[in-house]
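Visitor: what follows is a protein structure lacking sequence information:
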């Protein structure tokens, strides 16, 4: 009983290590990077901020992917109760353009682990000059999460806002490779 209790407490309160798979977070995180994540249950409810990098369970998707329970890492873009629009490669929050200093140029392109249906859906994402856009509304306790490398990221544009209960923790420190050590704010 004591061992079970201690194991449960460790799962809730101790940080966890996650190895990055894929290029959806370039240039911030690269394939093979190792990140220390502060678990969400340790943080106060609703303490996530725009720009935080989080690890989460992917919500049920509508594209028939077999892997709907894996862990993903993306950046918090939209907070609860916001109107998010994506048009011409730009993000608008409640009608105002979001300045994203962590994105440097278009970055590489590729599948980024998306299903074929997601790739087709994102290909329909409004392009520059089309006058079209995609729009989402985050409900209470929901977050809109995007990869920094938008061209290679299956993210909230494909599966919608993510409920806070599916967010497992916030990236705090990139510890590998040593030449790329970096603290992430807010953890």
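Guide: Done, it's in. Just so you know, these numbers come straight off a predicted model, no measurement behind them.

Visitor: and residue 29, what does it touch?
Guide: Neighbour list for residue 29: 20, 35, 53, 73, 148, 171, 174 [criterion: Cβ atoms under 8 Å, 6 or more residues apart in numbering]. C-beta coordinates here come from the backbone N, C-alpha and C atoms, glycine included.

Visitor: just those: which are in strands?
Guide: Using DSSP state E, 35, 53, 73, 171, 174 are the members of these that sit in strands.

Visitor: relative to residue 141, which of the contacts of residue 29 is nearest.
Guide: Lowest distance from residue 141 to these (Cβ to Cβ) belongs to residue 53, with 19.0 Å.

Visitor: all helices of the chain, in order?
Guide: Counting by DSSP state H, the chain has helices at residues 2-13, 116-123, 156-159.

Visitor: would you list every one of the strands in this protein?
Guide: Ranges of strands in the chain, per DSSP E, are 16-19, 34-39, 53-57, 71-78, 83-87, 90-93, 96-97, 134-137, 142-146, 162-163, 167-176, 182-183.

Visitor: so residue 139 touches residue 82, yeah?
Guide: No: judged on Cβ atoms under 8 Å, residue 139 makes no contact with residue 82 at a distance of 10.0 Å.

Visitor: neighbour count: the two, which is higher?
Guide: For residue 139 and residue 82, the more surrounded residue by other Cβ atoms under 10 Å is residue 82, and the numbers stand at 17 against 9.

Visitor: how near is residue 82 to residue 145?
Guide: Applying Cβ to Cβ, to the nearest Å, the value for residue 82 to residue 145 is 13 Å.

Visitor: lowest-confidence stretch among the helices of the chain?
Guide: Here the helices of the chain differ in mean pLDDT, and the lowest is helix 116-123 at a mean of 41.

Visitor: among the strands of the chain, which is the most enclosed?
Guide: Among the strands of the chain, strand 142-146 has the highest mean neighbour count (mean count of other Cβ atoms under 10 Å), at a mean of 25.

Visitor: ok, and what's touching that strand?
Guide: 48, 54, 56, 72, 74-80, 82, 84, 91, 136, 138, 153, 155-157, 161-164, 167.

Visitor: could you report the pLDDT at the residue nearest to residue 103 when sequence neighbours are not counted?
Guide: With sequence-adjacent residues excluded and distances taken as Cβ to Cβ, 6 or more residues apart in numbering, residue 103 is closest to residue 148, at 5.6 Å. Looking at residue 148, its pLDDT stands at 88.
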